[in-house]
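*Asks:* sharing a model that was predicted from the sequence below.
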Amino acid sequence: MKLTHVEAALLAGGASRRMGRDKASLEWHGVPMARHVAVALGSCVERVRIVLRPAAPNPTDLERIDDLHAARAPIVGIHAALRACEASAVLVASCDIPELDPRVVLALLALVPAEGGSDVVAPETQSGPEPLLAVYRPRILPEVERRIGAGTLALHALLDAVDTRLIPADELRTLDPELRSLRNVNRPADLPAQSRR
């Protein structure tokens with residue numbers, strides 16, 4: 001059964017500087033990357049929407065949410081998702097994790113009750129928290145808006161400022177041994193050979 005007290009937002013408004021072109025529509029084994037992520041999210045929650053820059057093309061058939069700020073930073077997409085959220089929490093996932101395993105998503109969601117709970121639930125790797133596959137509560141919206149207004153856009157600083165529950169990556173390895181769910185596709189070399197052209 002899919003969850004209804006959490007909805008999902010697929011972030012696809014980034015600048016893709018390292019890739020050199022829009023990542024959401026890039027093919028991963030013949031399918032746009034964003035669609036791979038959307039399918040994984042949609043197997044876990046009832047509602048999935050995509051967050052895009054205004055006027056940017058939508059590489060999916062998902063309902064869109066437009067960024068409300070011009071800054072090209074992930075916190076802007078999270079802000080838009082939180083502003084539009086009609087559930088008790090929103091699961092945020094970047095469009096560049098095409099090997100996202102629904103079991104990892106469900107492990108995160110298992111720590112998100114319909115009421116109460118932490119402000120943010122996120123995996124933690126050796127590099128630190130992974131804020132672009134995490135669950136956020138709308139109640140942190142004022143803090144997000146304050147940070148955007150001040151130009152303080154780092155997501156790790158946001159997670160430090162709110163009640164964040166971190167899941168050690170080793171706990172997720174039982175579901176995803178190589179943690180492919182957390183592997184971002186950032187550069188052309190990260191793409192399958194047939195998608196690099």
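*Replies:* Okay, I see it. These numbers come from a predicted model, not from an experiment.
*Asks:* C-alpha from now on. contacts and neighbour counts both.
*Replies:* Will do.
*Asks:* helices along this structure, start to end?
*Replies:* Remark: helices assigned in the chain by DSSP state H are 33-42, 74-84, 102-109, 141-150, 155-161, 169-172.
*Asks:* may I see the ones you listed organised as a markdown table, with mean pLDDT, distance to Ile50 and mean neighbour count added?
*Replies:* A markdown table is the format used below for those (pLDDT from 0 to 100; distance: least, Cα to Cα, whole Å; neighbours: other Cα atoms under 10 Å):
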| stretch | mean pLDDT | distance to Ile50 | mean neighbour count |
| --- | --- | --- | --- |
| helix 33-42 | 91 | 8 | 22 |
| helix 74-84 | 96 | 9 | 23 |
| helix 102-109 | 95 | 17 | 19 |
| helix 141-150 | 96 | 18 | 15 |
| helix 155-161 | 96 | 19 | 15 |
| helix 169-172 | 91 | 25 | 17 |
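*Asks:* what is the least confident helix or strand in the chain?
*Replies:* strand 27-28 (a mean of 62; mean pLDDT, DSSP states H and E).
*Asks:* if I look at the residue most central in space within the chain, how far off is Leu10?
*Replies:* Centroid check for the chain by Cα atoms, centre = their mean gives Ala93 as the closest residue, at 1.6 Å. According to Cα to Cα, to the nearest Å, Ala93 stands 5 Å off from Leu10.
*Asks:* anything in contact with each of the two?
*Replies:* Common neighbours of Ala93 and Leu10, using Cα atoms under 8 Å, 6 or more residues apart in numbering, are Val37.
*Asks:* okay if I get the helices of the chain as TSV plus distance to Ser127?
*Replies:* As requested, those are exported to TSV (distance: least, Cα to Cα, whole Å):
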stretch	distance to Ser127
helix 33-42	22
helix 74-84	18
helix 102-109	18
helix 141-150	23
helix 155-161	11
helix 169-172	10
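*Asks:* out of these, which comes closest to Pro123?
*Replies:* Pro123 lies closest, by Cα to Cα, to one member of the helices of the chain: helix 169-172, at 6.0 Å.
*Asks:* what is that closest one packed up against?
*Replies:* Under the contact definition 3 or more Cα pairs under 8 Å, 6 or more residues apart in numbering; DSSP states H and E, helix 169-172 sits against strand 120-125.
*Asks:* residues contacting the strand it packs on, please?
*Replies:* Contacts for strand 120-125 (Cα under 8 Å, 6+ apart): 108, 111-112, 129-131, 133-137, 159, 162-169.
*Asks:* in the protein, where is pLDDT below threshold?
*Replies:* Along the chain, the parts satisfying pLDDT under 70 run over 13-29, 186-197.
*Asks:* the same query, at a cut-off of 50, please.
*Replies:* Scanning the chain with the threshold set as pLDDT under 50 gives 15, 18-20, 193-197.
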